[in-house]
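Visitor: Predicted model and sequence below, questions to follow.
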Amino acid sequence: MPNKSSEAAAKAKKPSPEKESAISRWISYRPEIKVLDCTIRDGGLMNNHQFEDGLVRAVYDACVSAGIDYMEIGYKASRKNIVAGEYGAWKYCTEDDIRRIVGEKPGRTKISIMADAERCDYREDILPKEQSAVDLVRVAAYINQIPAALDMVKDAHDKGYETTVNLMSVSTVAERALDEALDLLADSEARAIYLVDSFGALYSEQIQYLVRKYMHYAKPAGKEVGIHAHNNLQLAFANTIEAIVLGSNMVDATMAGLGRGAGNCPMELLIGFLHNPQYRLRPVLRCVQDHVEPLRAKLGWGFDLPYMICGFLNQHPRAAIKFNAEQDPGDIIRFYDTLEES
């Protein structure tokens with residue numbers, strides 16, 4: 001039996017419930033953080049955007065009920081030379097498709113779309129803001145597409161939209177090229193510049209270094225830094241936390257981590273971490289339970305060995321997606337050897 005003095009000492013060391021609560025809020029509560037749900041947009045890369053309206057509406061309703069700031073409903077992509085039935089509506093996101101889901105947009109959740117540089121007829125397909133249900137246009141660009149991305153951002157900004165740039169595959173970009181790109185983006189109309197770990201290859205030390213670099217260019221220009229993490233090495237949530245601690249105020253996540261390949265930072269983890277009374281966890285859990293998890297067996301996103309190997313080798317997950325799609329995937333050692341030699 002413990003003596004009274006040891007019990008008193010243990011009680012003295014343990015913070016009161018009020019103090020524990022205050023410490024928890026201090027760690028992660030920052031009201032200027034904005035959360036963006038990209039479940040449908042990123043998850044659509046696993047099924048050619050063939051989501052039924054019921055699922056898209058369920059995710060939107062969950063975002064509204066949970067107080068999430070933005071929902072990215074899909075892409076704006078060129079419809080020239082398309083093959084009928086190859087892609088679902090969320091590859092192209094016409095105004096009719098979006099309005100069919102969001103109606104008059106109840107609640108405070110804003111709608112985002114992503115437009116890939118050089119893959120979108122943005123001058124025609126992105127209407128003036130007053131004619132659109134979209135609030136935020138996010139331009140995704142690789143390092144060699146920065147000039148095109150700058151034109152797209154200016155076009156969307158001039159039409160009345162909020163804008164960001166998602167700089168893709170940053171883990172493959174040379175230092176000097178990254179500095180030059182960030183310098184140009186800092187001078188653009190974009191509200192935020194996103195650090196995108198496309199291959200899920202970055203560790204916390206690299207996230208620290210890169211977020212500080214992005215902040216160096218973005219903050220003097222009055223811009224925010226965003227984070228979009230993939231989960232190849234089981235680090236999407238941890239790396240998102242790292243970015244938040246260092247000052248990233250625009251944060252991507254998806255319901256149950258649904259996203260291309262290994263998936264993304266799970267929304268349910270992020271909402272729990274932020275300790276912001278604006279956000280409510282229960283609607284997210286309901287959406288995950290009733291609508292997203294039932295898709296896992298068919299879509300097959302999330303951490304596994306082939307995606308892990310792609311992350312270790314800093315390679316696009318297309319090889320792992322192909323490997324997992326085979327009826328008899330075969331030997332994981334052979335897969336590793338093939339990628340390592342390529």
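Guide: Noted; the coordinates are in hand. Just so it is clear, the structure is predicted and the values come from calculations on it, not from any experiment.
Visitor: Can you give me the domain boundaries for the protein?
Guide: If you go by automatic domain parsing, the domain ranges for the chain are 26-298, 304-341.
Visitor: So which bits of the last one are buried?
Guide: Residues 304, 306-312, 315, 317, 319-321, 323-324, 335-336, 339 are the ones in domain 304-341 that count as buried (16 or more other CB atoms under 10 Å). Every C-beta, even on glycine, is put in place using the N, C-alpha and C of the backbone.
Visitor: ok, back up a step: ranking the domains of the chain by burial, who's on top?
Guide: Stretch with highest mean neighbour count among those: domain 26-298 (a mean of 20; mean count of other CB atoms under 10 Å).
Visitor: Dig out what the residue positioned nearest the centre of the chain forms beta bridges with.
Guide: Closest residue to the average C-alpha location of the chain: D252 at 3.4 Å, with CA atoms, centre = their mean. In this entry, D252 is beta-bridged to L36, by DSSP bridges.
Visitor: residue contacts, it?
Guide: By CB atoms under 8 Å, 6 or more residues apart in numbering, the contact set of D252 is L36, D37, C38, Y194, G226, I227, H228, A229, T240, N264, C265.
Visitor: Quick one: the strands in the protein, in order.
Guide: 34-37, 70-76, 110-116, 136-141, 162-167, 192-197, 224-229, 250-253 (DSSP state E).
Visitor: CA-only coordinates of the fourth one in CSV, if you can.
Guide: Backbone C-alpha positions of strand 136-141 (Å, rounded to 0.1, in the frame of the first residue of the first chain) are rendered in CSV as follows:
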residue,chain,number,x,y,z
LEU,A,136,-11.1,29.5,-53.7
VAL,A,137,-9.1,28.4,-56.7
ARG,A,138,-6.0,26.4,-55.9
VAL,A,139,-3.4,26.2,-58.7
ALA,A,140,-1.3,23.1,-58.6
ALA,A,141,2.1,23.4,-60.4
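Visitor: related to what we said a few turns ago, could you dump the contacts of D252 into a markdown table and include pLDDT?
Guide: Output for the contacts of D252, formatted as a markdown table (pLDDT from 0 to 100):
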| residue | pLDDT |
| --- | --- |
| L36 | 98 |
| D37 | 98 |
| C38 | 98 |
| Y194 | 98 |
| G226 | 98 |
| I227 | 98 |
| H228 | 98 |
| A229 | 98 |
| T240 | 98 |
| N264 | 98 |
| C265 | 98 |
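Visitor: which one among those residues gets closest to P128?
Guide: Checking the contacts of D252 against P128 with CB to CB, the nearest one is L36 at 22.7 Å.
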